[in-house]
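Trainee: Mind folding the following:
(2 chains)
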Amino acid sequence: MIRNSASDMASKLAAGEITSVELTQAHLDRISDVDKEVHAFLHVDTQGALAQAAAVDAKRKNGEKLAPLAGVPLALKDVMAQKGIPTTCGSKILEGWRPPYDSTVVTNLKNNGIIILGKTNMDEFAMGSSTENSAYGPTHNPWDLTRIPGGSGGGSSAALAAFEAPLAIGTDTGGSIRQPAAVTGTVGVKPTYGGVSRFGLVAFSSSLDQAGPCARTVLDAALLHEAIAGHDPKDSTSINAPVPAVVHAARAGNVKRMKIGVVKELNGDGYQPGVRKRFEESLELLAAAGAEIVEVSAPNFEYALAAYYLIAPSECSSNLARFDAMRYGLRVGDVDGASAESVMNLTREVGFGREVKRRIILGTYALSSGYYDAYYGSAQKVRTLITQDFNKAFEIADVLVSPTCPTTAFKIGEKANDPLAMYLNDIATIPVNMAGIGGMSLPSGLADEDGLPVGFQIMSPVMKDERMYSVGSALEAALLSKWGAPLLSKIPALAGSK
Amino acid sequence: MTSLSRDDVAKLAGLARIEMSEEELVALSSEFTVILDAVARVQEVASADVAATSHPLPLRNVFRPDVVVPSLSPADALSGAPAQEEQRFRVPQILGEE
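Mentor: I've put the predicted structure just below:
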């Protein structure tokens, strides 16, 4: 039952073949069985999840009209505020904090009757590509427990791949939904910036952060996308327009006469041979399904990584100033006569991990008087050039594609002492965030050299999110008929506690 | 090549209100030499004729009618406070003794 897609689970619930309590309990059992190995969850809300499930079952019994995913369980990235539930962002500075309110994403999930199983592990404040920066220890990739599950949303992607949840919420600032999806053989979507409310999403880099759906199939991602998306008066950057028809596009999966642009700069040197091979195969399948493959060039993408590592740290140095030990979270050194400044300094020393400090200091430098124009100002100009590259490319093609990541999952610890090597992981995902457009990663197979999952990235213009679902769904169907079974059927079994 | 000395990092850490050990200051200063070299590449294409983009959306001020809506109760607002007193956040001394 737990290996089904979310939409299959929803059908079985609607047909009365299972109850949400049974389905939720099955996932809770799976979590207690395998999460010691995977460590996808920071907090499991057993009682809350079962109570939500019982409420959905009661409504169904009474014949009330329910949302498509009502009764289906979900794993929530620990960066989303959920009332009364510990929300740490993977940081010691928020250990024990229970938000007094729900984020809009959580409100939408609850209104759709989606069951929240618990909170998933992440790089501290979403800064990282491996989930090794969590203050609560790393998450392990279910394909190979010695490898990273991606980051920052490694807990959410690992939970999906380990069948601990059929749906998850991620957030994507530079690839934190798509890269974890790629390295775990799951599906992850970063909607158009402003498509999903950021209210109650603990901010890292406000002009780049975007919450989105994670799932095991493209249709499941679309169903979750529609459940959480839409205008929110509580977020001034929320787009006031109808949600793109992503479920319709995912069901149709039609790419006939669509122009698919291969981004020349997001391939080639630095990309693992197995990654490139699976990418080329996927292009052939899309061509066979009726799409036209064209090449596009985006010459300024090579500067995206540099610009990102100025813009994101700059915004984070400002956003994370709120963790000042005054109103919530950790407070250290509050002894008689201690000044507020010394309490802040000591609290932030203990409460923040190495990568968070590194980025706050880098951002403080990039924004400081005398260096502002050279660093932050120049990065903002690069952002303009990247957006222009996208605009030109979208004049030629309906969607753009690339491998999601240059490599498959690396070993835990392999890049921990080399921040720059770690940052290079996001080279293909970052341009999407800079321009605020939509991006999806779906599995395109296993690399020949290491047998690990490879991701295929699809990028669509602002508020044309349905296009990436059309292409993703068509590719998924073609790959499924080639493989005969979903990629995750090949994942090694976890030992479990039994 | 840009580099940040141990003292530069100490100054920035002070501005960012983060206490740092000697070991951390020295380590960060050597890491920043590498990182700043990499990010300084933005200057290669950031010519004067390129406009800056601060945000992906054409942002305007967003207003709502000025009506009272439900908000957090004092108990909820104080629920995460490290210290409280008389329904207020209790904070360390902010001003010096004068």
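Trainee: what about the spatially closest residue to B:V62 that is not a sequence neighbour, which SS state?
Mentor: Spatial nearest neighbour of B:V62, excluding adjacent residues (CB to CB, 6 or more residues apart in numbering or on different chains): A:S236 at 4.2 Å. Heads up, the C-betas are built off the backbone N, CA and C, glycines and all. Secondary structure state of A:S236, per DSSP: H, G, I helix; E, B strand; the rest coil, is coil.
Trainee: which residue does the stretch 301-450 of chain A bring closest to chain B?
Mentor: When scored by CB to the nearest CB, the stretch 301-450 of chain A has A:G436 as its residue closest to chain B, at 2.5 Å.
Trainee: just checking, that residue touches A:G194?
Mentor: Yes - using CB atoms under 8 Å, A:G436 is in contact with A:G194, at 7.2 Å.
Trainee: Need the residues touching each of those two.
Mentor: Common neighbours of A:G436 and A:G194 are listed as B:P56, B:L57 (criterion: CB atoms under 8 Å, 6 or more residues apart in numbering or on different chains).
Trainee: For A:R276, which three-state class applies?
Mentor: A:R276 - assigned by three-state DSSP - is helix.
Trainee: do B:D76 as well
Mentor: helix.
Trainee: distance of it from chain A?
Mentor: Using CB to the nearest CB, to the nearest Å, one obtains 4 Å as the distance from B:D76 to chain A.
Trainee: residues in contact with that residue?
Mentor: For B:D76, the contacting residues are A:P100, A:Y101, by CB under 8 Å, 6+ apart.
Trainee: Tell me how many other residues crowd A:S32.
Mentor: Using other CB atoms under 10 Å in any protein chain shown, A:S32 is surrounded by 15 other residues.
Trainee: Tell me the secondary structure at it.
Mentor: Secondary structure for A:S32, judged by three-state DSSP, is helix.
Trainee: Please verify my assumption that A:R276 contacts A:P403.
Mentor: Yes - contact criterion CB under 8 Å: A:R276 and A:P403 qualify, at 7.0 Å.
Trainee: any residues in contact with both of these two?
Mentor: Residues touching both A:R276 and A:P403 (CB under 8 Å, 6+ apart): A:N267.
Trainee: out of these two, which sits in the more crowded spot?
Mentor: A side-by-side neighbour count of A:R276 and A:P403, using other CB under 10 Å, places A:P403 first with 26 against 16.
Trainee: Next, the more buried one: phi, psi?
Mentor: The phi and psi values for A:P403, taken as degrees, to the nearest 10, are phi -60, psi 150.
Trainee: My read is that it contacts A:K277, right?
Mentor: No - with contacts counted by CB under 8 Å, A:P403 stays clear of A:K277, the gap being 10.2 Å.
Trainee: got the residues of the stretch 201-350 of chain A near chain B?
Mentor: Contacts of the stretch 201-350 of chain A with chain B, taken as CB under 8 Å from any CB of the partner chain, map to A:207, A:233, A:236-237, A:239, A:300, A:303, A:305-307, A:309-310, A:317, A:321, A:324-331, A:334, A:337-346, A:348-349.
Trainee: Narrow those to those in strands?
Mentor: The members of those all map outside strands under DSSP state E.
Trainee: which among those residues end up buried?
Mentor: With burial judged by 16 or more other CB atoms under 10 Å in any protein chain shown, the buried subset of those is A:207, A:236-237, A:239, A:300, A:303, A:305-307, A:309-310, A:317, A:324-331, A:334, A:340, A:342-346, A:348-349.
Trainee: residues contacting residue 5?
Mentor: All of this refers to chain A. Applying CB under 8 Å, 6+ apart to A:S5 gives the contacts A:P166, A:A215, A:R216, A:T217, A:L219, A:D220.
Trainee: Hmm, no, I was thinking of chain B.
Mentor: Contacts of B:S5 by CB under 8 Å, 6+ apart are B:S29.
Trainee: With A:G150 instead?
Mentor: With CB under 8 Å, 6+ apart, A:G150 has these contacts: A:S129, A:S130, A:T131, A:N141, A:S157, A:Q179, A:P180, A:A181, A:A182, A:V183, A:T184, A:A409.
Trainee: mind running it again at 6 Å?
Mentor: Contacts for A:G150 (CB atoms under 6 Å, 6 or more residues apart in numbering or on different chains) come out as A:S157, A:Q179, A:P180, A:V183.
Trainee: Tally up the residues packed near the residue nearest to it when sequence neighbours are not counted, please.
Mentor: In space, and not counting its chain neighbours, A:G150 is closest to A:P180: 3.0 Å by CB to CB, 6+ apart. Per other CB under 10 Å, the neighbour tally for A:P180 reads 40.
Trainee: And A:P180, how far from A:D465?
Mentor: Taking CB to CB, to the nearest Å as the measure, A:P180 falls 19 Å from A:D465.
Trainee: List the backbone torsions phi and psi for A:M80.
Mentor: Per-residue torsions, A:M80: phi -100, psi 130 (degrees, to the nearest 10).
Trainee: so where's chain B uncertain?
Mentor: In the predicted model of chain B, residues B:1, B:97-98 satisfy pLDDT under 70.
Trainee: Can you name the residues of it that neighbour chain A?
Mentor: Within chain B, the positions adjacent to chain A are B:12, B:15-19, B:34, B:38-39, B:41-43, B:45-46, B:50-57, B:62, B:72, B:76, B:79-80, B:82, B:89, B:91-94 by CB under 6 Å from any CB of the partner chain.
Trainee: In PyMOL, how would I select just the buried ones from the residues you listed?
Mentor: To isolate the buried subset of the residues of chain B next to chain A in PyMOL, counting by 16+ other CB under 10 Å, use the following:
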select buried, chain B and resi 12+16+17+18+19+39+41+42+43+45+46+50+53+56+79+80+82+91+92
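Trainee: Take the residues of chain B next to chain A and keep only those in helices.
Mentor: B:L12, B:L15, B:V34, B:A38, B:V39, B:D76 (DSSP state H).
Trainee: List the residues that contact the first one.
Mentor: It stands for B:L12. Counting by CB under 6 Å, 6+ apart, B:L12 touches A:I361, A:T364, A:Y365.
Trainee: quick revisit: please flag which of the buried ones among the residues of the stretch 201-350 of chain A next to chain B sit within helices.
Mentor: Counting by DSSP H, those contribute A:305-307, A:309-310, A:317, A:340, A:342-346, A:348-349 to helices.
Trainee: And the residue of chain B that's closest to chain A?
Mentor: B:P56 (2.5 Å).
Trainee: My guess is that residue contacts A:Y193. True?
Mentor: Yes - the pair B:P56 and A:Y193 passes the contact test of CB atoms under 6 Å, sitting 4.7 Å apart.
Trainee: Between these two, which contacts overlap?
Mentor: Residues touching both B:P56 and A:Y193 (CB under 6 Å, 6+ apart): A:G436.
Trainee: what about the closest residue to chain B within the stretch 101-250 of chain A, distance to A:V105?
Mentor: For the stretch 101-250 of chain A, the residue closest to chain B is A:S236, as judged by CB to the nearest CB, at 4.2 Å. A:S236 sits 16 Å away from A:V105 when distances are taken as CB to CB.
Trainee: now do A:S129
Mentor: Per CB to CB, A:S129 is found 22 Å from A:V105.
Trainee: Then A:A222?
Mentor: 16 Å.
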